[in-house]
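Engineer: Sequence and predicted structure are below.
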Amino acid sequence: MTTTTTHRRLHPGLLALAMGGFGIGLTEFSITGLLTDVAADLGVSIPVAGGLITGYALGVVVGAFTVTLALVSRAPKTALLILLALFVAGNALSAAGPTYELVMAGRILAALCHGGFFGIGAVLAARLVTPDRQASAIALMFAGLTVANVLGVPAGTALGHRLGWRATFVAVALIGLVAMAAIATLVPSVPAETTSVRTQLRVLLRPSIWIACSVTALVFGGLFGAFTYIEPLLRSVSGFGAAAIPWLLVLFGLGLFAGNLVGGRAADRDADRALLVFAALLPLGIAALALFSGSKPLVAVALAVMGLIGFATVPALQLRVLRNAGTATLIASSANIAAFNLGNAVGAQLGGTGISAGGGPTAPAWIGVTLSGVGALIAAASIAWERHHRAPLHDAPLERVAA
């Protein structure tokens, strides 16, 4: 169902999707600053408590395929509400669970909604606007995730330190309820995709989808492989004190937020060119972090620039997957969300291995340069192949729906 409306006002449904992204960003990242408290309260070691982060990441990957497929026949609005209900239930269980096992179960339950929410949400966001604004619409939905990094995570950590770590999970569950109300009110009812589950799965056999998801995993593996170990680099190499670290993380978050919006506008003009430019710049940005790590002013600038460039790739990466998926957009979109998280996990693991092997605090950054550089080369090669053969893999932009 199309519409002839041509005005450029912001669709209120995008704000509701961003609210959901904000809550999911909080539950994913805020526990990082509470691991010591969680470990002490549950009677486990800090490395064991860190498994709550790994368990979440694996839950995202599993849920991106299983839960999304289970919701293929549902209208997008209904599917998003079901996913947020899982999110609220998972955070409530983590808040109330008296044992490590129950807290982990809550984390995994909440994680199952992550891939489906951003995957289905990205498809819906693109359909709420005209074709020339689809990347910006996707960027606005992901803006909730970046705001969670800038403001929500520090606030959630502070709340957890003051009222106990369980209070943070309670707050996140309440935000999930607010997001459900916003989506129920502001997001229009859109018919479910008519594509069968078999067709949705068949799209995963397309080389273009595997290539696009591989680029996503490598680019974000490089970015977050370097960022995961930023605290020891800033303290032991740059010489920052513990009190300065949260502000530097906010600086990185501001870079993510700005890059997301810049990348959305650039991808609206030309998604392939935006991806080529930002993916090529990212290894340079990560290298600058390592090279300038001995200078406090320069490493702070490099941290913000790295965040900006890294997240500027997101709208183009997601839009490219959507346009390569044809009519089976839901599973392809969710697969790309899984690729983001898989890349984060692999990058962090490789970064830790680099430190353990004696590479020092800058080792994760140089590993990040390698991963993101390979991702940029694969992106350039695939786009060049398409242009050379005059057979671009992109389908037409997603059809807009009436508000």
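Structural biologist: Yep, it's here.

Engineer: what residue ranges in the chain score low on pLDDT?
Structural biologist: Counting by pLDDT under 70, the low-confidence segments of the chain come to 1-9, 192-196, 327, 389-403.

Engineer: Find the residue at the geometric middle of it.
Structural biologist: For the chain, the residue nearest the mean C-alpha position is Phe340 (6.1 Å; CA atoms, centre = their mean).

Engineer: Let me have stretch 177-193 in PDB, keeping just the CA atoms, if that works.
Structural biologist: Included here for stretch 177-193 are C-alpha records, laid out as PDB according to Å, rounded to 0.1, in the frame of the first residue of the first chain:
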ATOM      1  CA  LEU A 177       7.000  -0.900  28.900                       C
ATOM      2  CA  VAL A 178       7.100   2.800  27.800                       C
ATOM      3  CA  ALA A 179       8.500   1.700  24.400                       C
ATOM      4  CA  MET A 180       5.700  -0.900  24.100                       C
ATOM      5  CA  ALA A 181       3.100   1.900  24.700                       C
ATOM      6  CA  ALA A 182       4.800   4.200  22.200                       C
ATOM      7  CA  ILE A 183       4.900   1.500  19.500                       C
ATOM      8  CA  ALA A 184       1.300   0.600  20.200                       C
ATOM      9  CA  THR A 185       0.300   4.200  19.800                       C
ATOM     10  CA  LEU A 186       2.600   5.700  17.200                       C
ATOM     11  CA  VAL A 187       3.600   2.900  14.800                       C
ATOM     12  CA  PRO A 188       1.000   2.200  12.000                       C
ATOM     13  CA  SER A 189      -0.400  -1.200  11.300                       C
ATOM     14  CA  VAL A 190       1.400  -2.700   8.400                       C
ATOM     15  CA  PRO A 191       0.500  -6.100   6.800                       C
ATOM     16  CA  ALA A 192       2.900  -9.000   7.400                       C
ATOM     17  CA  GLU A 193       5.200 -10.000   4.600                       C
END
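
Engineer: Pull the residues that contact that stretch.
Structural biologist: 1, 12-13, 15-17, 19-20, 22-23, 72-77, 80-81, 84-85, 88, 124, 127-128, 327-330, 401-403 (CB atoms under 8 Å, 6 or more residues apart in numbering). Every residue, glycine included, has its C-beta placed from N, CA and C.

Engineer: do stretch 86-102 as well
Structural biologist: Applying CB under 8 Å, 6+ apart, the contact partners of stretch 86-102 are 23-24, 27, 42-44, 48-49, 67, 103, 105-113, 117, 166-167, 169-170, 172-173, 176-177, 180.

Engineer: let's see 6 Å
Structural biologist: Counting by CB atoms under 6 Å, 6 or more residues apart in numbering, stretch 86-102 makes contact with 27, 42, 44, 103, 106-107, 109-110, 112-113, 166, 169-170, 172-173, 176-177, all of which sit outside it.

Engineer: Without its sequence neighbours, what residue ends up closest to the residue nearest to the centre of the chain?
Structural biologist: Leaving aside its sequence neighbours, Phe340 sits nearest to Phe220 (CB to CB, 6 or more residues apart in numbering; 5.1 Å).

Engineer: From Asn341, how far off is that neighbour?
Structural biologist: Per CB to CB, to the nearest Å, Phe220 is found 8 Å from Asn341.

Engineer: That's all I had, so thanks and see you.
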